[in-house]
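> next come a sequence and a model predicted from it.
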Amino acid sequence: MSNHPSTSGADNIYQPSLARIVRILPQIKDHRLFQLRFEAPEMRQSFTYRPGQFVELSLIGTGEAPISISSSPTRPEVIDLCVRKIGRVTEALFRLPLNSLVGLRGPYGNGFPLEEMEKNNLLVIAGGLGMAPLRSLLWYALDNRSKFKEIILMLGAKISEEMLFKYELLSLLDRTDMKCLLTVDKDEEGIWPAHVGVVTKLFDAVEVDPEITYAAVCGPPIMYKFVLGKLLERNFPKDKILMSLERRMKCGVGKCGHCSIGYKYTCIDGPIFTYWDVINLPEMI
Amino acid sequence: MQIVKLPKENLDKFMGSLSKFGEIHAPIKKDENTYLFSKIEDLSKIELNYNRTILPPKKYFLPPTETMFRFSPEKGYEPPQDNLNKKYVLLGLHSCDIHGLKILDLVFSGRYVDNYYFTRRKNTSIIGVSCVPDDMCFCRSMETDFVEDGFDLFLSDIDDSYLVRIATSLGDDIMRASQSLFKEVDKEDIAEYKRKSNERKNYFKIDLELYNLPEIMDLEYESKIWEEIGEKCLSCGTCSMVCPTCYCYDVFDELNLDGKTGERRRRWDSCLFKDYALVAGGLNFRSERSARVKNRYFHKQRGFVAQYGRPSCVGCGRCIQSCPAKIDIVEVMTKIRSASYE
């Protein structure tokens, strides 16, 4: 047969490359930040990505799982994966000692539309594990500070013990070139140095022009409901609200079918979707 | 396109010449009215007058299960070095099945090219054959009742001969390897071909009208018809397995007894299986059978159209023939379309 695409042996899209776990930073209960470095030096250089993209993580003998990248491409060499112990692969990952080898392939997914977002305000809104993909965007924006207008982070957790990246984010409270709003639903001991209340209450502290602002939202379904309500109330255009969605992205390359939502694949059309995409696709959140 | 004629008395000799180009696989009869694509050792077993095979030819390019990698803690993941490069000749594909492969080509190409699939595609020559539709065929509705490319040779039956279309350089080589068996096409052959293909139109008994179907499906997204089919469907996934355009697969790692080495494999999957849309932590985006059935129909007739510009259905009739719950895609789509259905 003629005119089929080229298939040279090196181009196996499913080939994981070996990477070593160089650091494990415990976060909150059942969440750890794994720092990985490719074994092959050329991979360390050639592996570039956009905030919002994900990788397929392979554990030898256990299997593969999609994990969003938590580090920023502005800080190369090491890739951060913030993982919750929740399935077969992640449970096995938590059993691995430091310096273990794992497989990585990617990066996959569309990532955030950075070129469009630049020269706008950036409003990052996260809850629960939602900070995992958004941390990449936040650090990217802070490392390219001049490309963005105002940068505002709104992060909510039930209690301070459940806030991901707590100490790192608390250190942002002192920055004058961004607004860091961290809230906990409950603060029984009265020691939380920031806001108390649900994440939507933080909107009271923020004044932005929605026409020149991109909102990036990631969190549990219940949070979407209230946060989207607030954003629409403030007349945010539906295509300037960006959301990172989760599905079972098995192949990561738009073939295996598992992450389909309506007529999109989360792995290649997403995982970043606009709110306009979301209301036009059945069964999205 | 170059077209020549193969008199039927030369067919056996022609088929005999094919083994030079690869291992021959063609339809054989399994039982009364049951056919399958199989390796041919005895040319007399080849059955070119058949309605449909149980499994479509996708099994040659996306096998029901295959090894993607062998893994070990020392070497990581290594692709297997076996038979991807073996040459095959697939003889006797109907037009709908060639279209089915063309649809799979769309899925497995693009930005990310699946080398397992396309290495096999490249190493396999395709020889199509014309067919007579039965009461489950609706390829005409799906615009797959004729095919212009996607084959090396295509044999169209004109009673005592086949008209042979030569679509590729390889097809030309295959023809030339037994050139003396072929003749020039004359005026009578052309007349006979036209007569046959006009007559063929009348054989179709069922029709799935595509006109504005995506819009109608959007309008009927909440229709109770999905509940009704969900009640009947057994979630067995047979329709996916026999479908020439269903490509979903599952990936799993199999560990050897040493507990360290093993294989990463993939196997056919179906969106009708309950755990298909399950994510870590136990959240299932389609735990209801009706949601899974609806997703399948939407993917084929709505979603794929949006993604690739045509439905992922070729009207081969296999799902109608194989469904143990007697769910019939043409009936379902006709119901959806009918104004009186509430």
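Perfect, I can see it now. These figures come from a predicted structure and were not determined experimentally.
> let me know the outermost residue of chain B.
residue B:74 (39.6 Å; C-alpha atoms, centre = their mean).
> my read is that one is in a helix, agree?
No. Residue state for residue B:74 (DSSP: H, G, I helix; E, B strand; the rest coil) corresponds to coil; a helix is not indicated.
> where in the chain is pLDDT low?
I went with chain A, as the question did not name one. Within chain A, the ranges that satisfy pLDDT under 70 run A:1-3, A:6-10, A:283-285.
> hm, I was asking about chain B
B:339-342.
> ok, the spatially most central residue of it - contacts?
Central residue of chain B (C-alpha atoms, centre = their mean): residue B:244, 2.6 Å from the mean position. Shown in contact with residue B:244 (C-beta atoms under 8 Å, 6 or more residues apart in numbering or on different chains): B:56-58, B:96-97, B:99-101, B:103-104, B:314, B:316, B:318. No exception for glycine: its C-beta is placed from N, CA and C like everyone else's.
> alpha carbons only: can I get the helix or strand encompassing residue B:70 in CSV?
Secondary structure from DSSP states H and E places residue B:70 in strand B:65-72. Presented in CSV, the C-alpha positions along strand B:65-72 are these (Å, rounded to 0.1, in the frame of the first residue of the first chain):
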residue,chain,number,x,y,z
THR,B,65,-4.6,-8.5,21.5
GLU,B,66,-0.9,-7.7,21.0
THR,B,67,2.3,-7.1,22.8
MET,B,68,3.4,-3.4,22.7
PHE,B,69,6.5,-3.7,24.9
ARG,B,70,8.5,-6.2,26.9
PHE,B,71,9.7,-4.7,30.1
SER,B,72,12.3,-5.4,32.7
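> what's the distance between the residue nearest to the centre of chain B and residue B:204?
Distance from residue B:244 to residue B:204, counting by C-beta to C-beta, to the nearest Å: 18 Å.
> just residue B:118 next, same as before
For residue B:118 relative to residue B:204 (C-beta to C-beta), the value is 33 Å.
> which one's more surrounded, these two?
Taking other C-beta atoms under 10 Å in any protein chain shown, residue B:118 and residue B:204 do not tie; residue B:118 has more neighbours (21 against 17).
> test my guess that the more buried one contacts residue A:11.
No. If you go by C-beta atoms under 8 Å, residue B:118 and residue A:11 don't touch, sitting 9.8 Å apart.
> how far off centre is stretch A:253-261?
Stretch A:253-261 sits 19 Å away from the centroid of its parent chain (C-alpha atoms, centre = their mean, to the nearest Å).
> quick one: end-to-end length of it, please.
15 Å (C-alpha to C-alpha, to the nearest Å).
> all strands for the stretch 51-200 of chain A, in order.
For the stretch 51-200 of chain A, the strands defined by DSSP state E, counting those that start in this stretch cover A:54-59, A:63-68, A:79-84, A:101-108, A:121-127, A:151-157, A:179-184, A:195-196.
> and those strands as TSV, adding distance to chain B and mean neighbour count?
As requested, the strands of the stretch 51-200 of chain A are exported to TSV (distance: least, C-beta to the nearest C-beta, whole Å; neighbours: other C-beta atoms under 10 Å in any protein chain shown):
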stretch	distance to chain B	mean neighbour count
strand A:54-59	7	26
strand A:63-68	5	24
strand A:79-84	8	23
strand A:101-108	6	21
strand A:121-127	16	26
strand A:151-157	18	24
strand A:179-184	23	21
strand A:195-196	28	16
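> so can I have TSV of those strands showing distance to residue B:298?
Converted to TSV, the strands of the stretch 51-200 of chain A look like this (distance: least, C-beta to C-beta, whole Å):
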stretch	distance to residue B:298
strand A:54-59	25
strand A:63-68	23
strand A:79-84	31
strand A:101-108	24
strand A:121-127	31
strand A:151-157	35
strand A:179-184	40
strand A:195-196	43
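> list just the one of the ones you listed that sits closest to residue B:40.
Of all those, strand A:63-68 sits nearest to residue B:40, with 37.9 Å by C-beta to C-beta.
> ok and that closest one relative to strand A:54-59, angle-wise?
150 degrees (axes from the mean of the first three to the mean of the last three C-alpha atoms, to 10 degrees).
> neighbouring strands of strand A:63-68 in the sheet, and parallel or not?
strand A:54-59 (antiparallel) (DSSP bridges).
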